[in-house]
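*Asks:* A structural model of the following input is requested.
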Amino acid sequence: MSTLEEQIDIDAPVLAAWEQLHRVHDYPRFVAGVRSAHPRGRNLAHLGVEIAGTERGVETEITDHGRGRVMAWRTLDGLDLHGAFALLPLDREHTRVQIRVEYDPEAVHEVFGGPRGFALAGAVERAVRADLELFRKLVEARVAAAQGPPAEPVKDA
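*Replies:* Residues are numbered from 1 along each chain as shown. As a prediction, this is how the structure comes out:
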């Protein structure tokens with residue numbers, strides 16, 4: 001198994017990031033290759049993932065740990081992938097999002113194709129970093145939209 005750990009700081013409270021992680025239907029907006037996502041019950045989700053131009057269904061289990069700070073996930077069929085998101089409050093308005101992904105490089109190559117060895121690890125790392133950046137932008141945009149437009153200064157009469 002290979003392990004990848006990445007992190008990103010976002011300009012949003014922990015609760016905003018936590019809520020976004022649980023909006024399964026939004027996964028296509030920030031997870032590369034995911035074309036559709038539907039929750040199934042309390043802890044399951046079905047993802048439509050594009051692999052080599054073909055969409056394949058992937059069943060996942062999502063579990064929460066640590067009182068709203070850690071969300072673990074794993075695939076339930078075929079490809080053995082698992083990992084976790086940890087949310088660390090930096091202050092009231094900023095959060096560090098850490099992700100840990102564990103995968104079998106040979107199995108990833110068999111399912112997705114592409115490079116092997118260090119090149120595969122580099123491709124996985126770039127994909128996860130890009131996903132985190134999209135997640136950051138999505139959460140920050142939702143927080144900004146919820147706050148509304150900035151108030152105009154009051155002019156003295």
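
*Asks:* could you say what helices and strands the top helix by length along the chain packs with?
*Replies:* Assignment by DSSP state H gives helix 117-147 as the longest helix of the chain. Here helix 117-147 touches strand 2-10, helix 14-21, strand 94-103, helix 105-112, going by 3 or more C-beta pairs under 8 Å, 6 or more residues apart in numbering; DSSP states H and E. Placement of C-beta: from N, CA and C, glycine included.

*Asks:* tell me the angle that helix makes with strand 94-103.
*Replies:* Interaxial angle of helix 117-147 relative to strand 94-103 (axes from the mean of the first three to the mean of the last three C-alpha atoms, to 10 degrees): 150 degrees.

*Asks:* what's the average pLDDT for helix 117-147?
*Replies:* The average pLDDT within helix 117-147 is 86.

*Asks:* What residues of that helix count as buried?
*Replies:* Neighbour counts over helix 117-147 (16 or more other C-beta atoms under 10 Å) mark 120-121, 124, 128, 131-132, 135-136, 138-139, 142-143 as buried.
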